[in-house]
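Participant: sequence-free structure coming up:
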């Protein structure tokens, strides 16, 4: 994995988290391929996250960030979102774009309700590593899957996406999962502008984002320190995600884990109303391109 940069290596952490979830009897989703993708590095990062979020022995009762449950909820939430979104698109094959796809296996493991043209965008080294790992299990996608090796912070990727068969004049479904907090606000705005430019009105867009308050929360500090040590610090958050996405032509709503439709019986932390100040939050955002 020498060709992976620090952010790309977190895709291996996500695979380890999903592989661990797949071992649970009460798992929120099925991902039989994640264990083939995690690698030793992914499991090492998994262990470091476990250490960073372990309850404090010197401060009993201190809040602990629910990293593992959050990842499970996020995966299930976006699984359901993508399946429903492809039904809502109607017409011919739905267009689904996974930006920063990493080691995502939704092309293989979801029960897609109809024909889908699915585009996975990520660094060439990440996509190549995934292809190599999945060859071992000889699995076939349930969609028409097209990969595109790009740097999402490069301004020319939308033209290359069209060359792969994507139709910008037809509605599409976009997922930006595990991306926005690793890049600067300026970069996040540029990516969303690119998504808007590449998608037809009525297209659907989903992403996860953390609050700006999360960066100053004592409860978050051990986790933030871990990502900083790995060389991929969290760089951006926003306390009003609906307003942020609206600035880029996406009318969105945000839900917090633990709220209705984003709980699944797994969120252990308190869920504070949005008008309560100075609370670290994570948001699952979904909306429509205007």
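Facilitator: Everything's here; your move. Predicted model, so just to flag it, every value in this text is computed and none were measured.

Participant: Assign residue 206 to helix, strand or coil.
Facilitator: At residue 206, secondary structure determined by DSSP: H, G, I helix; E, B strand; the rest coil is strand.

Participant: got a list of what it touches?
Facilitator: Under the criterion of CB atoms under 8 Å, 6 or more residues apart in numbering, the contact partners of residue 206 comprise 78, 81-82, 85, 173-177, 284-287. Where C-beta positions appear, they are placed from N, C-alpha and C, glycine not excepted.

Participant: Excluding chain neighbours, what is closest to it?
Facilitator: Using CB to CB, 6 or more residues apart in numbering and skipping the chain neighbours, the partner closest in space to residue 206 is residue 286 (4.1 Å).

Participant: List the beta-bridge partners for that neighbour.
Facilitator: Note on residue 286: beta-bridge partners by DSSP bridges are residue 206, residue 253.

Participant: and the nearest residue to residue 42 once chain neighbours are set aside, what helix or strand is that in?
Facilitator: Take residue 42 and drop its neighbours on the chain: the residue closest to it by CB to CB, 6+ apart is residue 12, 3.2 Å away. Per DSSP states H and E, residue 12 falls inside helix 6-22.

Participant: before we move on, the earlier item: correct me if wrong: the residue nearest to residue 206 contacts residue 209.
Facilitator: No. Residue 286 lies out of contact with residue 209 (CB atoms under 8 Å); the separation is 11.4 Å.

Participant: Give me the neighbour count for the nearest residue to residue 215 once chain neighbours are set aside.
Facilitator: Here the nearest residue to residue 215 in space, its sequence neighbours aside, is residue 237; by CB to CB, 6+ apart that works out to 6.0 Å. Residue 237 is flanked by 23 other residues according to other CB atoms under 10 Å.

Participant: where exactly do the helices run in the stretch 101-250 of the chain?
Facilitator: Listed from the start of the chain, the stretch 101-250 of the chain has helices (DSSP state H, counting those that start in this stretch) covering 106-109, 124-137, 157-163, 185-198, 221-229, 241-246.

Participant: what's the residue nearest to residue 215 in contact with, if anything?
Facilitator: So residue 237 contacts 181, 209, 210, 211, 212, 213, 214, 215 (CB under 8 Å, 6+ apart).

Participant: List the contacts of the third one.
Facilitator: Neighbouring residues of residue 210 by CB under 8 Å, 6+ apart: 181, 234, 237, 280, 281, 282, 283.

Participant: any idea which of those residues has the most stuff around it?
Facilitator: Of all those, the highest neighbour tally under other CB under 10 Å goes to residue 283, namely 25 neighbours.

Participant: what about it, helix or strand, and which?
Facilitator: Counting by DSSP H and E, the secondary-structure element that holds residue 283 is strand 282-289.

Participant: for that strand, packing partners?
Facilitator: Under the contact definition 3 or more CB pairs under 8 Å, 6 or more residues apart in numbering; DSSP states H and E, strand 282-289 sits against helix 67-89, strand 204-210, helix 241-246, strand 250-255.

Participant: Pull out the buried residues from the longest one.
Facilitator: Along helix 67-89, the positions that meet the burial threshold by neighbour count (16 or more other CB atoms under 10 Å) are 67-79, 81-83, 85-86, 89.

Participant: One more: the last one?
Facilitator: Along strand 250-255, the positions that meet the burial threshold by neighbour count (16+ other CB under 10 Å) are 250, 252, 254, 255.
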